[in-house]
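Asker: starting from these lines, generate the structure:
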Amino acid sequence: MSLFLLLFASVSIVPEGETFDCTPVRVWDGDGPVWCAEGPRVRLSGIAAREIDETCRSNQPCPSASAADARDYLVSIIGRPVGKSEHGHVLVQGPTMRCLSTGSAGGNRTGAWCVSPQGGDLSCAMVASGYALKWDRYWGNHRC
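Answerer: Predicted structure coming up:
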C-alpha cells in the first residue's frame, strides 16, 4: 500500500462538539476536504459545491460556479497556493484556523464549521461568494 493510502486510511474523525486547530495544507474542492497539518480532513459544514469533475450529486444543492473556481476561491481565503499534489490537491500554505466539529462527514472526513484568520467563517464566505450554496439539511441554525 502506498504511503498516501496509509495516511488517508489512518485519519480519525474529530468527535462532534469538539473544537480543534487546522493548519491547511491541501484542498480538494470548494467544500473540502481541507487537509489539516494536525491530521483531520475537514468537509466544510452546511454548504455544497460542485465536485471537482464539475458534477453535482443528485441529493444536494448545485451551484452554477465551477468546481475549480470554488476550490481556488477557498484556497484564497485560507491561504495561498504553493503547488499541486500528484493526486490533484492544491497545496496550500495558510494560518491556523479554528474549527468546531459536527462529527463524521462520511469516509475519513470531519464535518466542521471553520474560521480562518484570513477569511473568517469559511462556510459563510463560500455562500456569500456564490461558489457554494447553503445546504439547509446541514446548515441548521448557523449564523454568519
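
Asker: from now on I want contacts and neighbour counts done on CA atoms only, so please keep to that.
Answerer: Will do.

Asker: who are the packing partners of the longest helix along the chain?
Answerer: Taking DSSP state H as the criterion, the chain has its longest helix at helix 67-78. Under the contact criterion of 3 or more C-alpha pairs under 8 Å, 6 or more residues apart in numbering; DSSP states H and E, helix 67-78 touches strand 24-27, helix 122-129.

Asker: deepest in the core, which of those is it.
Answerer: Among the helices and strands packed on helix 67-78, strand 24-27 has the highest mean neighbour count (mean count of other C-alpha atoms under 10 Å), at a mean of 26.

Asker: show me where the protein has its strands.
Answerer: For the chain, the strands defined by DSSP state E cover 19-22, 24-27, 34-36, 41-44, 47-48, 80-84, 90-93, 97-104, 110-116, 120-121, 133-134.

Asker: need the ones you listed in CSV (columns: mean pLDDT and distance to G140).
Answerer: Compiled in CSV, those are given as follows (pLDDT from 0 to 100; distance: least, C-alpha to C-alpha, whole Å):
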stretch, mean pLDDT, distance to G140
strand 19-22, 98, 18
strand 24-27, 97, 25
strand 34-36, 97, 22
strand 41-44, 98, 14
strand 47-48, 98, 11
strand 80-84, 97, 30
strand 90-93, 97, 29
strand 97-104, 97, 11
strand 110-116, 98, 12
strand 120-121, 97, 15
strand 133-134, 97, 10
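
Asker: okay, those in a markdown table with distance to D69 next?
Answerer: Below are the strands of the chain laid out as a markdown table (distance: least, C-alpha to C-alpha, whole Å):
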| stretch | distance to D69 |
| --- | --- |
| strand 19-22 | 22 |
| strand 24-27 | 12 |
| strand 34-36 | 16 |
| strand 41-44 | 16 |
| strand 47-48 | 14 |
| strand 80-84 | 13 |
| strand 90-93 | 12 |
| strand 97-104 | 22 |
| strand 110-116 | 19 |
| strand 120-121 | 19 |
| strand 133-134 | 14 |
